[in-house]
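Trainee: Provided below are the primary sequence and the corresponding predicted coordinates.
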Amino acid sequence: MLGFKNIIKTVGVSVHNNEFRILLSLTFFILLMGTFVYHRVEHWRWLDSFYFSVTTLATVGFGDVAPKTDFGKLFTVFYIFVGIGVIFSFITTIGRTNQSLHPRNRK
């Protein structure tokens, strides 16, 4: 488990990695895109739209909010396939950097 200090150090080092910066930008872009689309299409509040975007890509999916429109449902399918790949790559990049900085964390 990463401690808070390890996370800060890992992110600080990762910022100099071009792959990390690209994946961080893509992650923010995908979350913003999802938030905007759900707000416009499903007429959800901004916070509800952001909440659904994050819980969907984090594969939590509480089920308390769900798209009702056909476009919203189709967008969600696309959003999941693209978004989970980006999020997984982003987290993997952080994990690789953390392991290289903190070899004692390896098992």
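Mentor: Here it is on my side, so go on. Numbers count the residues shown, from 1 in each chain.
Trainee: Pass me the low-pLDDT residue ranges in the chain, would you?
Mentor: Along the chain, the parts satisfying pLDDT under 70 run over 1-2, 104-107.
Trainee: List the contacts of the residue positioned nearest the centre of the chain.
Mentor: Geometric centre of the chain, nearest residue: Ile87, 4.4 Å, by Cα atoms, centre = their mean. By Cβ atoms under 8 Å, 6 or more residues apart in numbering, the contact set of Ile87 is Thr27, Ile30, Leu57, Ala58. Using the backbone N, CA and C atoms, a C-beta is placed for each residue, glycine as well.
Trainee: Around the nearest residue to Thr59 once chain neighbours are set aside, count how many other residues there are.
Mentor: Nearest residue to Thr59, sequence neighbours excluded (Cβ to Cβ, 6 or more residues apart in numbering): Ile84, at 6.8 Å. Residues near Ile84, counting by other Cβ atoms under 10 Å, number 15.
Trainee: Regarding Ile84, which helix or strand does it belong to?
Mentor: Under the criterion of DSSP states H and E, Ile84 resides in helix 70-101.
Trainee: buried ones in that helix?
Mentor: Buried residues in helix 70-101, counted by 16 or more other Cβ atoms under 10 Å: 72, 75-76, 79, 83, 86-87, 89-90, 93-94, 97-98.
Trainee: how close does Val77 sit to Leu31?
Mentor: Remark: distance between Val77 and Leu31 (Cβ to Cβ, to the nearest Å) = 17 Å.
Trainee: what does Leu101 give?
Mentor: The spacing between Leu101 and Leu31, counted by Cβ to Cβ, is 26 Å.
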